[in-house]
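In: Take this sequence and fold it.
(chains A, B, C and D)
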There are 2 protein chains.
Amino acid sequence: MPRPRTPLLSRDRIRDAALDLIDRDGLPALSMRRLAQTLGVQAASLYTHVATKDDVLDAVANRLIAQVDTSGFATGWRDGLLTWARSYHAALAAHPNAVPLIATGTQRRDEFLGMANAVHGGLVRAGWPARRATEISGAVKYLVIGAASTPFASGFADDVQVYLDRYPHLTQAHRLRADAARIDRDSFELGLQALVRGLEPGPSARAETP
Amino acid sequence: MPRPRTPLLSRDRIRDAALDLIDRDGLPALSMRRLAQTLGVQAASLYTHVATKDDVLDAVANRLIAQVDTSGFATGWRDGLLTWARSYHAALAAHPNAVPLIATGTQRRDEFLGMANAVHGGLVRAGWPARRATEISGAVKYLVIGAASTPFASGFADDVQVYLDRYPHLTQAHRLRADAARIDRDSFELGLQALVRGLEPGPSARAETP
DNA sequence: ACCTGAACACCGTTCAAGT
DNA sequence: ACCTGAACACCGTTCAAGT
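Out: The predicted structure follows:
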């Protein structure tokens, strides 16, 4: 095929096709050859637009992080943390197969830094000391990343048995899966609220610690 | 080389060599061929003792989980949770390159179920309702997994700048790394203690909720 | 500038063959 | 039973060649 008048590919098209493939078939199924195939080109063609496979994965990760909402810090640090954590959690839960990209990847990407700055700044403006703000951001992020990383995270045998007893019919398997998703969400919410509650009474009462 | 009188390989030797390789060169560097090379055999020989590469990774994951301490529940649910979370965190922090195996892997492995049963049982014996016990176990596990997944998890630009300012000399780079590790640990501890504190006053006060 | 086809150095896994 | 050597169907990436 000769060079088309309008390019077949673009960095964004490659990035979006990669996320589709990851969502559909899982992260291990993403290869440059398979990705090229879904775009109707040869694998080598991708390298006109992206540097490496890792470059593609970085673009996918940034696309997910771009959806995270840090506007809640305008209302206060509690609201900021809750809004941030919930939108972060939702962005990852919408693409469970892509979570390892965010969990283990290097955090030096543009969108990551923007998000981190917004959170850290929001906490410091609310009166938390910088070091403490770092720790709080880290702890909440741990919760989000952990919750997104382990599907049906609990996986506790006793509990599984409870659900198997409740849904003995194979045709109900989709309900079991829906219930597992709800447990994951409830566990995350419980942890988030408990953590924020455990940070009370807030920065003002600790102001004497520089 | 003919068949030796004592086998060159065993499942345990393969598992330990795999963990060594992961610790040294990272998870992506682990291939069946490289693994075989460190053991002085051909790649095909490994398949006498293990079914697949995933089988090897499962064995590595189980080895890490086996070190987790759930004995603290004998003292009470707070002590149980803290001991469990800290020993789990320590087991993963000792092998950061292997963390993705635990974070994303299927949780159907023997050691995982044993650990999960101990934690869930400890919480239920302390009076927490089963559903709530599942959520609490899940939330604490999220914190552990998240903390282990993201090295220098905070990665917040402001904070990095603080450290770059404090350690402007390249020769101090190892101190920067040590400080980053301490921040990770402090963030995890802050989150853990805040979460457990946020669970007060404990199960007795909620006993009316079945 | 953009895409192709072939090539290179890798993978995980299988299997007949040797002892 | 245990290990080898060769093979199969894959990888990521490079590069000369075409338009």
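In: which stretch of helix or strand covers the most centrally placed residue in chain A?
Out: Nearest to the geometric centre of chain A sits A:Leu92, at 3.1 Å (Cα atoms, centre = their mean). For A:Leu92, the host element (DSSP states H and E) is helix A:77-93.
In: Give me the residues contacting the next helix or strand after that helix.
Out: Counting by DSSP H and E, the next helix or strand C-terminal to helix A:77-93 is helix A:99-104. Contact partners of helix A:99-104, identified using Cβ atoms under 8 Å, 6 or more residues apart in numbering or on different chains, comprise A:27, A:57, A:60-61, A:64-65, A:92, A:145, A:148-149, B:99-100, B:103-104, B:146, B:149-150. Heads up, the C-betas are built off the backbone N, CA and C, glycines and all.
In: Next: stretch A:78-86.
Out: For stretch A:78-86, using Cβ under 8 Å, 6+ apart, the contacting residues are A:68-74, A:115, A:118-119, A:122-123, A:126, A:136, A:140, A:143-144, A:192, A:196, A:202.
In: Mind doing that once more with 7 Å?
Out: Defining contact as Cβ atoms under 7 Å, 6 or more residues apart in numbering or on different chains, one finds that stretch A:78-86 is touched by A:68-73, A:119, A:122, A:140, A:143-144, A:192, A:196.
In: do stretch A:65-74 as well
Out: With Cβ under 7 Å, 6+ apart, stretch A:65-74 has contacts from A:79-80, A:82-84, A:87-88, A:91, A:111-112, A:115, A:118-119, A:122.
In: Narrow those to just the buried residues.
Out: Neighbour-count burial (16 or more other Cβ atoms under 10 Å in any protein chain shown) applied to those gives A:80, A:82-84, A:87-88, A:91, A:111-112, A:115, A:118-119, A:122.
In: quick one: stretch A:54-70 to chain centroid distance?
Out: 9 Å (Cα atoms, centre = their mean, to the nearest Å).
In: average model confidence for it?
Out: For stretch A:54-70, mean pLDDT is 95.
In: low pLDDT regions in chain A?
Out: A:1-5, A:105-109, A:151-177, A:205-210 (pLDDT under 70).
In: let's see 90
Out: Chain A contains residues with pLDDT under 90 at A:1-8, A:104-114, A:116-117, A:130-131, A:134, A:150-184, A:202, A:204-210.
In: All the strands of it, residue numbers only.
Out: Counting by DSSP state E, no segments of chain A form strands.
In: Domain ranges for chain A, per the record?
Out: Annotated domains of chain A cover A:11-50, A:68-205 [automatic domain parsing].
In: now the end-to-end length of the first one.
Out: End-to-end distance for domain A:11-50: 7 Å, by Cα to Cα, to the nearest Å.
In: residues making contact with stretch A:49-58?
Out: A:9-11, A:14-15, A:18, A:32, A:101, A:109.
In: Can you give me the buried ones in that stretch?
Out: A:49-50, A:56-58.
In: Of the residues you listed, which ones also sit close to DNA strand D?
Out: When Cβ under 7 Å from any atom of the strand is applied, no member of the buried residues of stretch A:49-58 is adjacent to DNA strand D.
In: I would like a ChimeraX command selecting only the buried ones among the contacts of stretch A:49-58, please.
Out: Filtering those down to the buried ones (16+ other Cβ under 10 Å) takes a single ChimeraX command:
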select /A:9,14,15,18,32,101,109
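In: can you redo the contacts of stretch A:49-58 as CSV with distance to DNA strand C?
Out: Putting those into CSV (distance: Cβ to the nearest atom of the strand, whole Å) gives the following:
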residue, distance to DNA strand C
A:Leu9, 4
A:Ser10, 8
A:Arg11, 10
A:Ile14, 9
A:Arg15, 14
A:Ala18, 15
A:Met32, 10
A:Leu101, 20
A:Arg109, 23
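In: how many neighbours does A:Val99 have?
Out: 24 (other Cβ atoms under 10 Å in any protein chain shown).
In: related to what we said a few turns ago, go through the contacts of stretch A:65-74 and say which is closest to B:Gln37.
Out: A:Phe112 (36.4 Å; Cβ to Cβ).
In: Look up how far DNA strand D lies from the residue lying closest to that closest one once chain neighbours are set aside.
Out: The spatial neighbour of A:Phe112 that comes closest, neighbours along the chain excluded (Cβ to Cβ, 6 or more residues apart in numbering or on different chains), is A:Ile65 at 5.8 Å. Distance, A:Ile65 to DNA strand D, by Cβ to the nearest atom of the strand, to the nearest Å: 22 Å.
In: how many neighbours does A:Ile65 have?
Out: A:Ile65 - counted by other Cβ under 10 Å - has 22 other residues nearby.
In: do A:Thr38 as well
Out: Should you count by other Cβ under 10 Å, A:Thr38 turns out to have 13 residues around it.
In: Help me confirm that it comes into contact with A:Arg24.
Out: No: with contact defined as Cβ atoms under 7 Å, A:Thr38 and A:Arg24 do not form a contacting pair (9.5 Å).
In: Buried by neighbour count: which residues of the helix with the most length in chain A qualify?
Out: The longest helix of chain A (DSSP state H) is helix A:173-198. If you call a residue buried by 16+ other Cβ under 10 Å, then helix A:173-198 has these buried ones: A:176, A:179-180, A:183-192, A:194-196, A:198.
In: cool, and stretch A:94-103?
Out: The neighbour-count check on stretch A:94-103 (16+ other Cβ under 10 Å) flags A:95-103 as buried.
In: quick one, helices of chain A?
Out: Using DSSP H, helices in chain A cover A:11-25, A:32-38, A:43-46, A:53-65, A:77-93, A:99-104, A:110-125, A:130-149, A:157-166, A:173-198.
In: before we move on, the earlier item: go through the contacts of stretch A:49-58 and name the one nearest B:Ala43.
Out: Nearest to B:Ala43 out of these is A:Met32 (Cβ to Cβ; 23.9 Å).
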